Structures are given as structure tokens and as C-alpha cells.
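Student: My questions are about this predicted structure, shown below with the sequence.
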Amino acid sequence: MSRRIALVGDHSERHTAHRAIPVALELARASSGAEVAWDWVATGDIADAPRDLAAFSAVWAVPASPYQNAAGALGAIRHAREGGLPFLGTCGGFQHALLEIARDVAGIADADTAETNPGGRSLVVAPLSCSLVEKVAGVHFEPGSLLASAYGGGGATEGYRCNYGLNPAYRSAMEAAGLRFTAWDDGGEVRGAELPSHRFFAGVLFQPERAALRGDVPPLVLAFVKAVAAAG
């Protein structure tokens, strides 16, 4: 039986990542032999995530935030986290995973992102020290982490399109909530995280799907697809 992945975001072919994601999934499916399928799910179509995503076995929160309906995206992430569904968040999807965990696990009820509410009191997602829009840079993975396992090594070179990331002031609170930061740039700034208590819950600030446009199977997408296929 084919398992379905919800691509949660507001699809537009003008976004490079949105053009790359189906290609990445197809390459991963062909490489692994996994029986998976996928559908785009607009954030505006998610009012009650457990109900609206009941037909899906996994969630990928895709790039291109701010989302039209942030509450829908956050609900989808919470549904995946609490329901044990394989979850992948890339770029804006990672940022919203940080928000969901901050609000619903770490107890930071007013956690917010500077992208949409720069005057917020608890900006868990804040401007990066240097813009990463259309930049390519090295990333390093913690040994033994899900990310390191997916890549089969300690590092990679990945492409970005973002201006926001984790506010370091909230790192300890997020770690106390169970989040493990496992990817960094050359300067030691956070570029990815995972939930060790979950079967597959990973978020990265970069856009690994872009490798598919070069004909390469993105390692993280391949690991995600394998986890989806193996999910009971």
C-alpha cells in the first residue's frame, strides 16, 4: 500500500524549492523502491489537522514562508509530532517546527517569528546574522545524529534561501523541551535539529531538495522517504 506524504505549504512554481520537491521525492522513491505518494496541502485548507490530514502518513513542511495560514502549518507539525508521523521541515518548515515546539512543548506561549511579528516579545525565530538568500555553504552534523546518518558522514554543502533562524537566546529552553540541535554552519550557528524521542522528526534551515534539480538524490529526502515507507 502506498503511503501518502502531505506537502504542507502554499504551492507556487515560482519557488525553486517547490519545483524541486516532487523531483526529489521521485528520485528518492526510485532509489529506495518505497511505495510512497504525495500531495500538496495548502495551509489554508488545514483547520483541524488530525481531521484534515487523516489520509496522510507523513508531513513535510515546505519552504516559502510566511504561510497564508500559519496556524494550519503549526497544526500540521503538531499533528505529526504528537501522532508519531515522520516529519521533515525545510527552511520555513524548520522555522515553524521551532515555533510549534516552543509553544506546545517548551511552554513559550507567545513564541513568534520576526518575519511576521518583529515586535513580538518572544522571538524564537529571529533575523540571521547574515542573510542566506541564494547562498551555498557548508554544514556540519553531530556524530550519531539522524542527520549524520542520513548523509552518511559529518558534513555536506547545501543551498539556502532564508533570512531567519533560531534565536540563540532560546536554545537552552528548546533543548530542555527535548529538541536536539545537530547541524551547524562553519561559524557554529544552528542549521538543523531533530527530536530523538520521535521515529523521524527533522528540520533544517537549508533546502536539501534543491540537489534534485541537478539529478542527485538528496540524502535527507531519501532517509525521510524510507522512514515513511517503514512507518506502521
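Tutor: Thanks, I have the structure now.
Student: how about residue 83, what does it touch?
Tutor: residue 50 (C-beta atoms under 8 Å, 6 or more residues apart in numbering). From N, CA and C alone the C-beta is placed, and that goes for glycine too.
Student: separation between it and residue 109?
Tutor: Using C-beta to C-beta, to the nearest Å, we find residue 83 at a distance of 22 Å from residue 109.
Student: In the protein, where's the longest helix?
Tutor: helix 16-32 (DSSP state H).
Student: Identify all contacting residues around whichever helix or strand comes after that one.
Tutor: Helices and strands here follow DSSP states H and E; after helix 16-32, the next one along the chain is strand 36-41. Contacts of strand 36-41 with the rest of the structure, by C-beta under 8 Å, 6+ apart, involve 2-9, 11, 22, 25, 29, 52-53, 56, 60, 76, 225, 228-229.
Student: so the most centrally placed residue in the chain, which of the three states?
Tutor: Computing the C-alpha centroid of the chain and ranking residues by C-alpha atoms, centre = their mean puts residue 89 first, at 0.9 Å. Classification of residue 89 using DSSP: H, G, I helix; E, B strand; the rest coil returns strand.
Student: Please look at it and residue 200 and confirm they touch.
Tutor: No: counting by C-beta atoms under 8 Å, residue 89 sits too far from residue 200 to count as a contact (11.5 Å).
Student: Please name the residues that touch residue 120.
Tutor: 110, 112-114 are the contacts of residue 120 under C-beta under 8 Å, 6+ apart.
Student: Which among those residues count as buried?
Tutor: Applying 16 or more other C-beta atoms under 10 Å to the contacts of residue 120, the neighbour count classes 112-114 as buried.
Student: Tell me the one of those residues nearest residue 33?
Tutor: Checking the buried ones among the contacts of residue 120 against residue 33 by C-beta to C-beta gives residue 113 as the nearest, at 38.3 Å.
Student: check contacts around that closest one.
Tutor: Residues 65-66, 95-96, 99, 120, 123-126, 164 are the ones in contact with residue 113 under the rule C-beta under 8 Å, 6+ apart.
Student: Now with 10 Å, please.
Tutor: 65-66, 70, 92, 95-96, 98-99, 120, 123-127, 164, 167 (C-beta atoms under 10 Å, 6 or more residues apart in numbering).
Student: same deal with residue 42?
Tutor: Counting by C-beta under 10 Å, 6+ apart, residue 42 makes contact with 7-11, 67-69, 72.
Student: And residue 231, by the same measure?
Tutor: 3, 36, 57-58, 84-86, 199-200.
Student: got a markdown table for these, with neighbour count and pLDDT too?
Tutor: Supplementary listing: these in a markdown table, determined by neighbours: other C-beta atoms under 10 Å; pLDDT from 0 to 100:
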| residue | neighbour count | pLDDT |
| --- | --- | --- |
| 3 | 19 | 94 |
| 36 | 21 | 96 |
| 57 | 22 | 97 |
| 58 | 24 | 98 |
| 84 | 14 | 97 |
| 85 | 24 | 98 |
| 86 | 25 | 98 |
| 199 | 14 | 95 |
| 200 | 22 | 98 |
